[in-house]
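Asker: Okay, sequence plus prediction incoming.
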Amino acid sequence: MSTTSKHWLNDLIQELQTQEDVIKLGGGASRIEKEHSKGKFTARERIEKLIDEKSDFYELGLWAGYEMYDEVGGCPGGGVVTGIGEVSGRTCMIVANDATVKAGAWFPITAKKNLRAQEIAIENHIPLIYLVDSAGVFLPMQDEIFPDKDHFGRMFRNNAVISSKGIPQIAAIMGSCVAGGAYLPIMSDEALIVDGTGSVFLAGSYLVKAAIGESVDNETLGGATTHTEISGVTDYKMKDDEECLTTIRNLVDKLGPFDTAGFNKSDAKEPKRPASDIYDILPESRTSQYDMYEILDCIIDDGSFTEFKKGYGQSIITGYARIDGWSVGIVANQRTINKTKNGEMQIGGVIYSDSADKAARFIMNCNQKKIPLVFFQDVTGFMIGKRSEHGGIIKDGAKMVNAMANSTVPKITIVIGNSYGAGNYAMCGRAYDPRFMYAWSTANIAVMSGASAAKTLLQIKVASMKKKGEEVSKEKQAELMKEITESYNKQTDVRYAAARLWVDGIIHPLETRDRISNAIKCANLNPEIEEYKTGVIQV
């Protein structure tokens, strides 16, 4: 392993991991101690005790809210921990409010993160476990979280839809649960409540006093005794967090049998090359070439790759493979410069007409054979210019997008490097419903590269200033260019994307194989695969 390549990638990964450690502290050590003083576990401690011993927790949306709410003290992790774990041998989606962050209050990104967790559960028929501990909507931002389609109320609508699909939902009230948020646990199949710390009501004692003049304490109003012995709102009264989590495990253990999609799986084989070789393969410059086949050799099972149309449309690699034993269809951008049979040179990372045509056909084949698709993105976009336009690049690109958008088999997307413009769309970006979408620390997601965007934005800015009669010296242009580049680069950084949940998480390259395997394992839990239809495709 070369020292140089290892150094730059390790430094980048270490920088992100250090920041992740801070995010995982939520509201900080003092807030954690405050929860402990109440006899409560933190959200992460609850999850650790809930999932099976020695099993992995596949966290989703860790970076949610990163640097988005600094003016109000921040919202680490979006104030909620979500992810997939094994509970009593059953794969479950776990949603745990982090009471150390603004008492678990809901920010706009909190709603988006919760809805994403529910979406994954619906798509994959995964049982949901809610560990509720929230003070409700963060009132200073109520207009950004309350009334719209994908705001707070959508979650309770999803509760009903999830139940109608026969997907189990178990909710534990382990702290505050107020106002509209009270509907979430009660719209679940079963609700537990912890005595002394758990409470659920539409309005707390202060609001009750102000609104109707009634004096009542919160425990009498909506504590565990009230709701298990008087109102009948909750089903189980728990003495503490420990008993509550044990009871949830017992309930999951009694769940009935379930069907699967029956995706093809055989005994796993280790990849041809160790995953650590990725350090050597991936160049530091995102404009440099590298061979995507070598990256795939570090991820797919050795000897499992059967390439589709190898000599045609070489800027995209397509083929059948296995990852941890699972049968998959690979669609990956090739970053080397290839020479076609016609003697033409194809730039790496660019989608040409022939590669779009090939990818569309391959995607259709995978749907025909019920094979999940895995997209590896490092794409700068579609080829432009007279030759490409005359050759019908828009038509062929549309064909690929159509085939991919209508795909009914599970799609998993890994962003390795660039993810620019329509290339993001064609390679199954967030707008095209991948079951899971992860990014490496080296990923950039934007409408175009930083260099191209900065030059374009500078031209627009200078033209606007000149129209106003302002003189724009070379020094001033250089200053503007620096400001624009810094601003744009911040927006293309993978942390910016992860903060807004454009991806489900930033993963270490060495985790890629395991994450893909778990994603297909989850997708296999949904036995329903719709008939594949594309509608009108231009040929």
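Answerer: Yep, it's here. Numbering: from 1, shown residues only.
Asker: Could I get the CA-only coordinates of the top helix by length along the chain as CSV?
Answerer: Assignment by DSSP state H gives helix 3-23 as the longest helix of the chain. The C-alpha trace of helix 3-23 is given here as CSV (Å, rounded to 0.1, in the frame of the first residue of the first chain):
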residue,chain,number,x,y,z
THR,A,3,2.1,5.7,1.8
THR,A,4,0.8,8.7,-0.2
SER,A,5,-2.6,7.3,-1.1
LYS,A,6,-3.1,5.8,2.3
HIS,A,7,-2.3,9.1,3.9
TRP,A,8,-4.8,11.3,2.1
LEU,A,9,-7.7,8.9,2.3
ASN,A,10,-7.0,7.9,5.9
ASP,A,11,-6.8,11.6,6.9
LEU,A,12,-10.2,12.3,5.2
ILE,A,13,-11.9,9.2,6.8
GLN,A,14,-10.4,10.0,10.2
GLU,A,15,-11.6,13.6,10.0
LEU,A,16,-15.2,12.4,9.3
GLN,A,17,-15.0,9.7,12.0
THR,A,18,-13.9,12.3,14.6
GLN,A,19,-16.9,14.4,13.7
GLU,A,20,-19.1,11.4,13.9
ASP,A,21,-17.9,10.7,17.4
VAL,A,22,-19.0,14.2,18.4
ILE,A,23,-22.4,13.8,16.7
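Asker: If you count neighbours, what's buried in the following helix or strand past it?
Answerer: Following helix 3-23 in sequence order, the next helix or strand is helix 29-37 (DSSP states H and E). Residues of helix 29-37 classed as buried: Arg31, Ile32, Glu35 (neighbour count, 16 or more other CB atoms under 10 Å). Yep, even glycine has a C-beta here, placed from its N, CA and C like the rest.
Asker: isn't the second one right next to Asp98, touching?
Answerer: No: with contacts counted by CB atoms under 8 Å, Ile32 stays clear of Asp98, the gap being 9.9 Å.
Asker: SS state for Phe375?
Answerer: strand (DSSP: H, G, I helix; E, B strand; the rest coil).
Asker: Could you list the low-pLDDT ranges of the chain?
Answerer: Along the chain, the parts satisfying pLDDT under 70 run over 1-6, 180, 339-343, 450.
Asker: now the farthest one out in it, which residue is it?
Answerer: Largest separation from the mean C-alpha position in the chain: Gly469, at 47.1 Å (CA atoms, centre = their mean).
Asker: Shouldn't that one be within a strand?
Answerer: No: secondary structure of Gly469 (three-state DSSP): coil, not part of a strand.
Asker: any idea how far Cys177 is from it?
Answerer: Noted for Gly469: a distance of 60 Å to Cys177, by CB to CB, to the nearest Å.
Asker: Please apply the same query to Ser388.
Answerer: Applying CB to CB to Ser388 and Cys177 gives a distance of 57 Å.
Asker: Please say which of the two ends up with more neighbours.
Answerer: The residue with more neighbours, out of Ser388 and Cys177, is Cys177; 30 against 17, by other CB atoms under 10 Å.
Asker: can you tell me which residues contact the closest residue to the more buried one other than its chain neighbours?
Answerer: Distances taken as CB to CB, 6 or more residues apart in numbering put Val200 closest to Cys177, at 4.1 Å, once the chain neighbours are dropped. Neighbour list for Val200: Ile173, Cys177, Val178, Ala182, Pro185, Ile186, Ile193, Gly222, His227, Val233, Thr234 [criterion: CB atoms under 8 Å, 6 or more residues apart in numbering].
Asker: Which ones among those lie within strands?
Answerer: Among the contacts of Val200, the members found in strands (DSSP state E) are Ile173, Cys177, Val178, Ile193.
Asker: Of those, which is the most crowded?
Answerer: Per-residue neighbour counts (other CB under 10 Å) across the ones in strands among the contacts of Val200 peak at Ile173, which has 32 neighbours.
Asker: Might you report the residue contacts of it?
Answerer: Val132, Asp133, Pro185, Ala191, Leu192, Ile193, Val194, Gly198, Ser199, Val200, Thr234.
Asker: Rebuild the contacts of Val200 as CSV, extending it with distance to Arg322.
Answerer: Formatted as CSV, these follow (distance: CB to CB, whole Å):
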residue, distance to Arg322
Ile173, 44
Cys177, 45
Val178, 49
Ala182, 47
Pro185, 41
Ile186, 44
Ile193, 46
Gly222, 52
His227, 50
Val233, 49
Thr234, 46
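Asker: of all those, which two lie farthest apart?
Answerer: For the contacts of Val200, with distances taken as CB to CB, the pair at the greatest spread is Val178 and Thr234 (14.7 Å).
Asker: Nearest spatial neighbour of Ser449, chain-adjacent residues omitted?
Answerer: In this structure, Ser449 finds its nearest non-sequential neighbour in Tyr420, 6.1 Å apart by CB to CB, 6+ apart.
Asker: what's near enough to touch that neighbour?
Answerer: Counting by CB under 8 Å, 6+ apart, the residues that Tyr420 touches are Val379, Thr380, Gly381, Asn444, Ile445, Ala446, Val447, Met448, Ser449.
Asker: Mind doing that once more with 6 Å?
Answerer: With contact set as CB atoms under 6 Å, 6 or more residues apart in numbering, Tyr420 has these partners: Thr380, Gly381, Ala446, Met448.
Asker: what about the nearest residue to the third one once chain neighbours are set aside, how many neighbours?
Answerer: Think Ala446. In this structure, Ala446 finds its nearest non-sequential neighbour in Thr492, 4.2 Å apart by CB to CB, 6+ apart. Look at Thr492: counted by other CB under 10 Å, it has 20 neighbours.
Asker: How about residues contacting stretch 375-386?
Answerer: For stretch 375-386, the surrounding residues in contact (CB under 6 Å, 6+ apart) are 331-333, 335, 349-352, 393, 397, 413-423, 427-428.
Asker: Can you flag the buried ones in these?
Answerer: Neighbour-count burial (16+ other CB under 10 Å) applied to the contacts of stretch 375-386 gives 331-333, 335, 349-352, 393, 397, 413-423, 427-428.
Asker: Double-check Ala172 against Thr246; I have them as touching.
Answerer: No: Ala172 lies out of contact with Thr246 (CB atoms under 6 Å); the separation is 11.0 Å.
Asker: Have a look at these two and say which one is more surrounded.
Answerer: A direct count of neighbours by other CB under 10 Å for Ala172 and Thr246 places Ala172 higher, at 31 against 13.
Asker: Who does the more buried one form a beta bridge with?
Answerer: Counting by DSSP bridges, Ala172 is bridged to Leu131, Leu192.
Asker: Lys395 versus that one, what's the distance?
Answerer: As for Ala172, its distance to Lys395 is 53 Å (criterion: CB to CB).
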